[in-house]
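Student: Sharing a model prediction with you, sequence too.
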Amino acid sequence: MKPLAILFATSEMAPWVKTGGLGDVAAALPAALRRAGHDIRVLMPYYPALAAVFPDATVVAEIPQLARHLPAARLRLAVVDELPLLLIDCPALYARPGNPYLDAHGHDWPDNVWRFGLLSRVAALLGQVGNPYGWQADVVHANDWQTALAPAWLHYEGGAASVVTVHNIAFQGCFGHDSLAGLGLPEHAWRFDGVEYHGTLSFLKAGLQLASQISTVSPTYAREIQDEHFGYGLAPLLRHRAGALRGILNGVDTDIWNPADDPALAAPYAANRLAAKRTNKAALQAAMGLRPDDDRPLFGVISRLTQQKGLDLLLTIADGLPHLPAQLVVLGSGDKAMEAGYRELAVRYPGEIAVRIGFDEELAHRIEAGADCFVMPSRFEPCGLNQMYSLRYGTPPIVRATGGLADTVVDVNDETLADKTANGFVLDSDTPHALWVAMMRVAEAWQDRRLWQRIQKNGMRRDFSWKHAAADYLTLYRDALARPA
Ligand code: ADP
């Protein structure tokens, strides 16, 4: 089949700018589609982090001022492993330090509507004929609210087919009516079946309404977001567009997350060489100031510390852990009260509970390798990456049966042990008690080393590479082309 020209528009991309799962997807999916022979190019802002790595990125187009609040910009090109990165250089909007969405106080940047308005606008432009870059995408792939307005311009002005992928529906990019004119969208877009959403202009709603096709990052989440409880107000629209919506489970970068070849680890290991995992546990205990022994399981957490991730549940029962007995290591940041709660916990149980507040990629690898069991009791989880990393690292996860967690983790019971699918522990409610019961189950199963190895190996054998997802996205793009918005 003919290769496709695809523009992958994103507000973050690992390793340079990453706050969550989208950053990892942006690093892996376009690269996989490039390898498959497609002309895919990534579009994102020329953030300082990117300007530092690619100071000489070639200017390939001058983008004129396209609307009152969308300033002129330069389009720069950097090529990484044959993947073109198109970077929007607009210092007034992007040349500022820190997080792409939040200022130093954790508040949204006040001009996010223009920052991501410009990103969406340029994404649409590159799907339109006669654009200043001179290359036109067949399909514009928007991701989350920050680029989800691109399908609106393509809908009202014509151009490429469009796809919007929801990585987290809780963030919707809602702004005032006055932003319509500032962005240069036509007044007639202000409709219930346009960009208007309960009196606001919602980027995400616009994308879900107007894109040719919609996807989200796991089959279960695709079903859940059609339900009021998970849809954050967008469930009726998603039910209406159910025929254009599908769930494609993210893969993981199996080169970066590979226990047999991970430079961050004290000792490499694999399913047939599991003994070396213990060396990693000892190294992690030493590095984190935990008591060095292997007579109790070590639970690990790497996460944003938020309600979504259910880590308040763990905080509620954590005082019981040293008596289980078990150890706990937590790496995360987020909600200030939760950060304080975890810090205090570590002070109460030195040697048994260790907490590191912050973002630390290398330590994340060491925790995946050194912990015995990973804890991820999310209230909702569109896909989730850490449970997949955990499965690959022989660190069976405890998860809630939601979203991508439900699609990847199979609870241990007689039946799933017999058919060799058992790979973790699944809670069916979001109560501290349910989590405590799961942790007790883990502590018991872990003592039976042969049983534990069976569970570890089932998880390690599963294929989480991007191969399958990349093929599914191609089908999605072809469906979008067959049915433009
Ligand atoms: P989300 O995108 O909702 O935050 P995911 O599980 O999909 O959750 O992806 C989170 C990604 O961010 C994973 O790669 C995880 O390892 C990483 N991560 C989260 N918090 C930290 C942290 N404090 N330090 C290092 N990596 C982290």
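Tutor: Cool, the structure landed. Residues are numbered from 1 along each chain as shown.

Student: And the pLDDT at the residue positioned nearest the centre of the chain?
Tutor: The centre of the chain sits closest to residue 21, judged by Cα atoms, centre = their mean, with a distance of 1.5 Å. At residue 21, the model reports a pLDDT of 85.

Student: which stretches of this protein have low pLDDT?
Tutor: 484-485 (pLDDT under 70).

Student: residues in it within reach of the ligand, list them.
Tutor: 20-21, 24, 302-304, 331-333, 359-361, 364, 383-386 (Cβ under 6 Å from any ligand atom). Using the backbone N, CA and C atoms, a C-beta is placed for each residue, glycine as well.

Student: In ChimeraX, how would I select the buried members of those?
Tutor: Remark: buried members of those, expressed as a ChimeraX selection using 16 or more other Cβ atoms under 10 Å:
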select :21,24,302,303,331,332,333,364,383,384,385,386
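
Student: so what does the helix or strand hosting residue 27 touch, helix or strand wise?
Tutor: Assessed by DSSP states H and E, residue 27 sits inside helix 21-35. Using 3 or more Cβ pairs under 8 Å, 6 or more residues apart in numbering; DSSP states H and E as the contact test, the elements touching helix 21-35 are strand 5-9, strand 39-45, strand 83-89, strand 139-143, helix 467-482.

Student: Please identify the most buried of the ones you listed.
Tutor: strand 139-143 (a mean of 30; mean count of other Cβ atoms under 10 Å).

Student: Verify the stated contact: residue 446 with residue 452.
Tutor: Yes - taking contacts as Cβ atoms under 8 Å, residue 446 lies within contact range of residue 452: 5.2 Å.

Student: what do the two both touch?
Tutor: Residues touching both residue 446 and residue 452 (Cβ atoms under 8 Å, 6 or more residues apart in numbering) are residue 372.

Student: For residue 78, what are phi and psi?
Tutor: Main-chain torsions, residue 78, degrees, to the nearest 10: phi -130, psi 140.

Student: Number the chain from 43, please
Tutor: Happy to do that; since the first residue is 43 now, the last one works out to residue 120.

Student: thought it was touching residue 101?
Tutor: No - with contact defined as Cβ under 8 Å, residue 120 and residue 101 do not form a contacting pair (11.3 Å).

Student: who has more neighbours, those two?
Tutor: residue 120 (18 against 11; other Cβ atoms under 10 Å).

Student: Which residues are in contact with the more buried one?
Tutor: Residue 120 neighbours (Cβ under 8 Å, 6+ apart): 92, 95-96, 99-100, 126-127, 129.

Student: try residue 174
Tutor: Counting by Cβ under 8 Å, 6+ apart, residue 174 makes contact with 103-106, 117, 167.

Student: now swap in residue 303 and tell me
Tutor: Residue 303 touches 297, 310, counting by Cβ under 8 Å, 6+ apart.

Student: I'd like to know how far it sits from residue 91.
Tutor: 26 Å (Cβ to Cβ, to the nearest Å).

Student: try residue 294
Tutor: Applying Cβ to Cβ to residue 294 and residue 91 gives a distance of 23 Å.

Student: Those two: which has the busier surroundings?
Tutor: Applying other Cβ under 10 Å to residue 294 and residue 91 shows that residue 294 carries more neighbours, namely 23 against 17.

Student: Phi, psi for the more buried one please.
Tutor: phi -120, psi 160.

Student: Same check on the one 10 residues further on?
Tutor: Dihedral pair for residue 304: phi -130, psi 110, per degrees, to the nearest 10.
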